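Enquirer: kindly generate the corresponding structure for this input.
(one chain, ligands or ions: 1)
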Amino acid sequence: MKTYQLTGIGNAVVDVISQADDSFLELMGIEKGIMQLIEQERGEVLYASMEGRVQTPGGSVANTIAGAGALGLDSAFIGRVHDDALGRFYADAMNEDGVDFVNPPVPGGELPTSRSMIFVSPDGERSMNTYLGISSELSSEDVSEDVAGNSQIMFLEGYLFDKEKGKAAFLEAARNCHKGGGKAGIAISDPFCVERHRVDFLLLIENELDFVIGNEAEIKSLFETDDLEEALAKTAEICPLVVCTRSGDGVTVLNGDARIDVPVEKVIPVDATGAGDQFAAGFLYGMATGRDYETCARIGNVCAREVISHIGPRPEANMLELLRGKGLL
Ligand SMILES: OC[C@H]1O[C@H](O)[C@H](O)[C@@H]1O
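Expert: Have a look, this model is predicted:
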């Protein structure tokens, strides 16, 4: 059995991206800057309204894994796509990017491959409208014990925590990863998802996970507080490694009693989609290759900065070259 330096479990989503101004968002009833879940019919209406649309593989943790794969990690992604045109496109794209898309597209059934209609505003903010389809049906059956047991780092996507079978799959994946000597962590993904499952999130983090990555809103949501420092301290009490991305305010890493604050250069994004995902790709690449946490965060920042400089959630530049140029490799 192959050993993976990094394995991710998450929603496998095809992104359809177009640019739109704020009045268009208002007209279509789209809330700016968040991920909203939609039904299939609304997806079709939004799809038809998109001018100059671009189609690309997305999904939060999948973007992270693709980014880490592009940096040279032996990586695998576990997610569900239907055996339809979008699903085959997705699986092929992951494999072509050098990431093992572990489970083949699922034949039969009624739920199609997930897609997200993403509108990018002139200020670079992205508004995601996601029809989840088959991807959120992920269960323990999709997570091979062998793959989890042979993963040095397992990265879970908080969005999948919305269903009981997703929670069960995460628990098993983390335990099997630990049995094989690996470390498991989670991208919190969404404060609203934490809102719905706070107790289970906290139990998973405290009892099963070695690290957690989230933005300010997500970390604060874990402990229902507006005080980031309080939320960080409480998260660090239950998890050995806490990584908090704070937009223009940089990144805070808490590792036991040690704290590192790494600044970022503020830039106006072309498209903010995937910023957190690519930060995680760089950070986990650093972890997998034995770098200290400050370097991990700096690598993450370079990866995030690259992805927001163009449309789409995955890197376009040669990231290894870019990082070498910055003296980070
Ligand atoms: O984090 C960005 C990703 O979240 C959504 O799931 C989209 O697929 C997009 O690629």
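
Enquirer: can you show me the helices along the chain?
Expert: With helices called from DSSP state H, the chain shows them at 22-28, 40-49, 60-70, 85-96, 145-149, 164-179, 191-196, 198-208, 216-222, 228-238, 275-288, 293-307, 319-325.

Enquirer: restricting to C-alpha, output the second one in CSV.
Expert: Just to be clear, that refers to helix 40-49. Extracted as CSV, the C-alpha positions of helix 40-49 are listed here (Å, rounded to 0.1, in the frame of the first residue of the first chain):
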residue,chain,number,x,y,z
GLN,A,40,-30.5,22.2,-8.0
GLU,A,41,-33.2,24.3,-9.8
ARG,A,42,-31.7,27.6,-8.4
GLY,A,43,-28.3,26.3,-9.6
GLU,A,44,-29.6,26.0,-13.1
VAL,A,45,-31.0,29.6,-13.0
LEU,A,46,-27.7,31.0,-11.7
TYR,A,47,-25.7,28.9,-14.2
ALA,A,48,-27.8,30.3,-17.1
SER,A,49,-27.2,33.8,-15.8
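
Enquirer: which parts of that helix are buried?
Expert: Neighbour-count burial for helix 40-49, counted by 16 or more other C-beta atoms under 10 Å, picks out 42-43, 46. Glycine gets a C-beta too; all of them are placed from N, C-alpha and C.

Enquirer: of those residues, just say which sits nearest to the ligand.
Expert: Using C-beta to the nearest ligand atom, Gly43 comes nearest to the ligand of the buried residues of helix 40-49, at 12.7 Å.

Enquirer: who's in contact with the nearest residue to Ala217 once chain neighbours are set aside?
Expert: In space, and not counting its chain neighbours, Ala217 is closest to Pro191: 4.6 Å by C-beta to C-beta, 6 or more residues apart in numbering. For Pro191, the contact set (C-beta atoms under 8 Å, 6 or more residues apart in numbering) comprises 217-218, 220-221.

Enquirer: hmm, try it at 10 Å
Expert: Contact analysis of Pro191 by C-beta atoms under 10 Å, 6 or more residues apart in numbering lists 34, 158, 214-222.

Enquirer: which parts of the stretch 51-200 of the chain sit against the ligand?
Expert: 58-60, 63, 116, 128, 130 (C-beta under 6 Å from any ligand atom).

Enquirer: quick one: the residues you listed as TSV, columns for neighbour count and pLDDT too.
Expert: Below are these laid out as TSV (neighbours: other C-beta atoms under 10 Å; pLDDT from 0 to 100):
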residue	neighbour count	pLDDT
Gly58	28	98
Gly59	30	97
Ser60	26	97
Asn63	30	98
Ser116	26	97
Met128	23	96
Thr130	23	96
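
Enquirer: closest to the ligand out of the residues you listed?
Expert: Gly58 (2.6 Å).

Enquirer: beta partners for that closest one?
Expert: Beta-bridge partners for Gly58, by DSSP bridges, are Val13.

Enquirer: low pLDDT regions in the protein?
Expert: Within the chain, no range satisfies pLDDT under 70.

Enquirer: hmm, 90 instead?
Expert: Within the chain, the segments meeting pLDDT under 90 span 1-2, 108-110, 162, 190, 192-193, 248, 265-266.

Enquirer: closest one to Thr273 out of the buried residues of helix 40-49, please.
Expert: Leu46 (15.6 Å; C-beta to C-beta).

Enquirer: list the contacts for the closest one?
Expert: 16, 18, 28-30, 38, 115-119, 129, 131.

Enquirer: quick check: ChimeraX command selecting the buried ones in the contacts of Pro191.
Expert: Filtering the contacts of Pro191 down to the buried ones (16+ other C-beta under 10 Å) takes a single ChimeraX command:
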select :158,214,215,216,218,219,220,221,222
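
Enquirer: quick one: Glu145 and Lys179 touch, right?
Expert: Yes. Proximity of Glu145 to Lys179 meets the contact threshold set by C-beta atoms under 10 Å, at 8.7 Å.
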